[in-house]
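Participant: predicted model and sequence below, questions to follow.
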Amino acid sequence: MTFPVIAEVVEGSPAESAGLERGDEIVAIDGEIPTDVIRWHFLVDEADPILNIQRGGLELEVQIMKGAGEPLGAQVDASIFDRVRTCDNHCEFCFIYQLPKGMRRSLYLKDDDYRLSFLYGNFTTLTRFTEADLERVVSECLSPLYVSIHATDPDVRSRILRNPRGGYSLRWLRALLDFDIDVHGQVVVCPGVNDGDVLDDTLLGVLDRFPELRSLAVVPLGVSAYNTESAMRPHTQHEAKQVLEVVDAWQHRFLETMGHRLVYAADEYYLLAGEVFPATETYGDFAMHEDGIGMARGFESEFLGSTDSMVGTRSGFFQWVDGAPAEGYREVRTIVGANRSGEITSGVVHQADELLSVAIKPRKGAPVAILTGEYGAKVLKPLIDSLERNDIRILEVTNHFFGGNIKVSGLMVGKDVQLVLDSEPSGHRYLLPDVCLNTGRFLDGLRPADLSKHVEVIPTNGVALREALEPNRPIQKISEELTQ
C-alpha cells in the first residue's frame with residue numbers, strides 16, 4: 001500500500017488556503033485510507049474534509065474549508081494507491097506478451113482491474129471480479145465499464161482466456177447490466193479461433209443474454225514480431241471481409257430487434273478488406289471511438305468541419321500506466337508546451353510546473369509533413385488530397401520496433417520516426433500526433449526533443465490538424481488556443 005502524493009495544488013483553491021503542498025503524502029481522509037483516485041474524489045468532495053498527511057517525516061492534520069461538491073484544488077500522482085489487480089488469464093493474443101524487452105517496466109504490467117476500466121477505458125475480463133467489487137461498482141455508480149467478451153460460449157471463452165473461470169465469469173456482466181451499469185463490450189477476433197461460426201454464435205449470445213450492452217466492438221488481434229504463439233496470425237483480406245459480413249448481418253438484426261446497431265467492426269477491418277468505411281451517422285455517438293471504431297469517419301468529420309465536437313479523448317497508448325487522470329474521471333487535458341529543456345510536449349499533464357511558456361517558431365510558409373502510421377496514412381491521404389495543396393505531404397512511419405501487423409499511429413515509436421526524419425530536409429514543419437506519446441515520451445522511451453528534426457506535437461483529432469494546416473497561420477497562436 002502506497003499513499004497518494006499531491007502532485008499539484010491550484011492557486012487560490014481551498015487546498016492552497018489550507019496549506020496543502022505538493023509532495024504531501026495523504027495518509028487518510030476523514031479517517032479513511034483512500035485506495036484509489038476514485039475514493040479520493042468521493043472523499044474530498046465532502047464538505048470540510050480532514051486530511052492526515054506526512055510531510056518531511058512529520059505527521060500533520062489539515063482541515064480543508066470547502067463546501068460539499070466544491071473542488072479541492074489538488075491532484076494526486078497516481079490512479080491506484082493499493083496494488084493494481086493483475087490479470088491471471090493467459091490469452092494467446094495478449095499484446096503484453098508481445099512487447100520487446102527493454103521498455104519501461106510499468107508497460108509490462110498486465111491488469112484486469114475494474115477501476116482502471118472505469119477510469120481509463122481498459123478492458124476487464126471479470127475473471128477476478130467479486131461480490132465486493134459489484135457492491136462498490138453499484139453503490140458508487142462506476143459507469144461505464146469495459147468488458148472483454150471474446151466469446152459467449154463458456155468452453156470457447158475458457159480456452160481463449162486459458163482460464164477455467166473464463167467460462168462462467170460473464171455472470172458478472174449479467175449482474176452489472178441488471179444493476180443498470182453501462183457496459184461496452186469487446187471481441188478480439190483471432191483467425192481460426194473465434195471467427196466464422198464462433199463469432200456468429202457470440203453475437204447471438206449477446207442478443208440472447210446481454211442485449212443491454214451499450215455497444216460491442218469487434219477488433220482484430222495485433223501480432224507483433226515478438227509473438228511466440230504459432231496459432232496467432234494476422235487476418236487475411238478474405239478473413240477480414242468475412243468478419244465484416246458477419247458484423248453487417250448482425251447490425252441489421254440488432255437494428256430490427258432493438259432499434260440500434262449495437263455491434264461495430266474496427267476501422268482496421270475496413271482497411272484490411274479494402275472496403276469503404278460506413279457512413280458517419282451509422283456510428284451514433286462514437287461510443288467506442290477509443291477502441292478503433294469510427295475513428296476514420298470521426299476524424300474526417302472534424303477535419304472537414306462538419307462537426308464542432310471532437311470525439312477523440314485518448315492521448316496515448318498505455319496512458320493509464322504513468323499517471324492519474326486529470327480533474328474528473330476519464331477527463332483528458334491536452335496541453336502543448338515546452339519543458340525546461342525546451343522540448344515540445346503534449347499529453348496528459350499532472351504537474352503544472354513541468355510545462356513552461358510555449359516557444360514554437362517554425363519558418364513561416366514552410367512545407368508541412370504529417371507523421372503517421374501506415375493505417376493513418378490511408379485515412380489521411382484523401383483528406384489531404386482534397387485540399388489541393390502542394391506544400392503538404394504525408395510521411396508514413398513503418399513500425400519496425402514492434403513489427404508484425406502493427407500499423408496504428410498510437411504505437412509509433414521514436415526510433416521509427418527518426419528513421420523517417422533522417423532522410424527529410426531541415427526547415428520544414430513536421431506534425432506529430434500526440435496519440436503516440438505517453439506523458440511526453442514514445443513507448444521506446446525517446447522524447448520529441450531527442451529527434452534530429454524539430455517536430456510539432458498536436459492533438460490527435462481532425463480539428464487540430466485542420467487548424468495546424470491553415471496557411472500563414474501563426475503556430476504560436478495555434479498552441480495558445482490548444483492550451484485553453
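Facilitator: On my side now, so go ahead. Numbering: from 1, shown residues only.

Participant: can you list the domain ranges for the protein.
Facilitator: As assigned by automatic domain parsing, the chain contains the domains 6-76, 95-293, 334-482.

Participant: what segments of the stretch 51-200 of the chain are strands?
Facilitator: Using DSSP state E, counting those that start in this stretch, the strands of the stretch 51-200 of the chain run over 58-63, 74-76, 145-148, 183-189.

Participant: for the lengthiest helix in the chain, which outside residues touch it?
Facilitator: In the chain, with assignment by DSSP state H, the single longest helix is helix 237-258. Contacts made with helix 237-258 from outside it, assessed by Cβ atoms under 8 Å, 6 or more residues apart in numbering, are listed as 189, 191, 195-196, 199-200, 203, 207, 211, 218, 220, 235, 260-265, 269-270, 272-275. Quick note: C-beta positions are derived from backbone N, CA and C, even for glycine.

Participant: out of those, which are buried?
Facilitator: Buried by 16 or more other Cβ atoms under 10 Å: 189, 191, 195, 199, 203, 207, 218, 220, 235, 261-265, 269-270, 272-273, out of the contacts of helix 237-258.

Participant: so for Leu431, which of the strands of the stretch 51-200 of the chain sits nearest?
Facilitator: With distances scored as Cβ to Cβ, the stretch of the strands of the stretch 51-200 of the chain nearest to Leu431 is strand 74-76 (29.3 Å).

Participant: how far off centre is that closest one?
Facilitator: Relative to the mean C-alpha coordinate of its chain, strand 74-76 is positioned 21 Å out (Cα atoms, centre = their mean, to the nearest Å).

Participant: give the buried residues for it.
Facilitator: By neighbour count with 16+ other Cβ under 10 Å, strand 74-76 contains the buried residues 74-76.

Participant: turn the domains of the chain into CSV, including distance to Glu302 and mean pLDDT.
Facilitator: Below are the domains of the chain laid out as CSV (distance: least, Cβ to Cβ, whole Å; pLDDT from 0 to 100):
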stretch, distance to Glu302, mean pLDDT
domain 6-76, 29, 95
domain 95-293, 11, 94
domain 334-482, 3, 77
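
Participant: on that earlier part again, tabulate the strands of the stretch 51-200 of the chain (a markdown table), appending distance to Arg297.
Facilitator: As requested, the strands of the stretch 51-200 of the chain are arranged in a markdown table below (distance: least, Cβ to Cβ, whole Å):
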| stretch | distance to Arg297 |
| --- | --- |
| strand 58-63 | 49 |
| strand 74-76 | 34 |
| strand 145-148 | 21 |
| strand 183-189 | 18 |
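
Participant: among those strands, which comes closest to Ala468?
Facilitator: Going by Cβ to Cβ, the one of the strands of the stretch 51-200 of the chain nearest Ala468 is strand 74-76, 28.7 Å.

Participant: figure out which of the strands of the stretch 51-200 of the chain is closest to Val408.
Facilitator: Distances from Val408 to each of the strands of the stretch 51-200 of the chain were compared using Cβ to Cβ; the minimum, 14.4 Å, belongs to strand 183-189.

Participant: adjacent strands (with direction) for the closest one?
Facilitator: The partner list of strand 183-189 in its sheet, established with DSSP bridges, is strand 145-148 (parallel), strand 215-220 (parallel).
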